[in-house]
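*Asks:* Got a sequence here, can you build the structure:
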Amino acid sequence: MAARIERVVTSGQFTLDGGTWDVDNNVWIVGDDHQAVVIDAAHDADAIAEAVGDRRLTAIVCTHAHNDHINAAPALAERTGATVWLHHEDLPLWKQTHPDREPDAFLVDGQVIEAGGADLTVLHTPGHAPGAVCLYDPGLGVVFTGDTLFQGGPGATGRSFSHFPAIIASIRDRLLTLPPETMVLTGHGDETTIGAEAPHLDEWIARGH
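*Replies:* You can find the predicted model right below:
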């Protein structure tokens, strides 16, 4: 059975560097009728668990460790037995939200996470956060970009642990090299495609987004 993709939108707050903002997050569930993975367990473990239903949740993959993308991960893992995955370079950010509970496993560039017909290849894409990753499934024709690439440009790099030249390099070298028809499923807001965003790289660089 082919994998399918579902989106759950949850609401809460993003907090960093002493500021707090209200945010809506995209939580992605990828899998079939029997098993699934969750990408970014944001805000509401109950809502995510309800969407997963009676499927076996094998992994909770964190695209990065800003609190709004990981705050529901431990609770969801406790309910389901799923493994929480994070890139090790985001551990300092993770500990700001969960000082007493580490991730269960660390993501490595190039590894493939399988579940329910999906094969998600980990692309390390630092910039928005040092351990930011994207997840590419060529069979589904999608890349889950977290907060690395949005419709209209790169993720924010104006706060701690972020770096504008790094996010530009990540987008240029790891994402814009994907097929142009690849759907870009983001951490917030609407989807886009690689082909729609690629022509604007020089504009983003010029404005120092």
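*Asks:* May I have the phi/psi pair for residue 129?
*Replies:* With angles defined as degrees, to the nearest 10, residue 129 shows backbone torsions of phi -150, psi 150.
*Asks:* For the closest residue to it other than its chain neighbours, which three-state class applies?
*Replies:* Spatial nearest neighbour of residue 129, excluding adjacent residues (CB to CB, 6 or more residues apart in numbering): residue 64 at 4.0 Å. From N, CA and C alone the C-beta is placed, and that goes for glycine too. Using DSSP: H, G, I helix; E, B strand; the rest coil, the structure places residue 64 in coil.
*Asks:* now for the host helix or strand of residue 47, which elements pack on it?
*Replies:* Per DSSP states H and E: residue 47 is located in helix 45-52. If you count contacts as 3 or more CB pairs under 8 Å, 6 or more residues apart in numbering; DSSP states H and E, helix 45-52 packs onto strand 4-16, strand 19-31, strand 35-39, helix 73-80.
*Asks:* And the average pLDDT for it is what?
*Replies:* When pLDDT is averaged along helix 45-52, the result is 98.
*Asks:* Same check on stretch 172-187?
*Replies:* In the prediction, stretch 172-187 has an average pLDDT of 98.
*Asks:* All further residue positions should be reported with the first residue as 6.
*Replies:* Yep, numbering from 6; the last one is stretch 177-192 now.
*Asks:* Quote the end-to-end distance of it.
*Replies:* End-to-end span of stretch 177-192 (CA to CA, to the nearest Å): 19 Å.
*Asks:* Would you indicate which residues of that stretch are buried?
*Replies:* By neighbour count with 16 or more other CB atoms under 10 Å, stretch 177-192 contains the buried residues 179-181, 183, 187, 189-192.
*Asks:* again with stretch 70-84
*Replies:* Result for stretch 70-84 [16+ other CB under 10 Å]: buried residues 70-79, 81-82.
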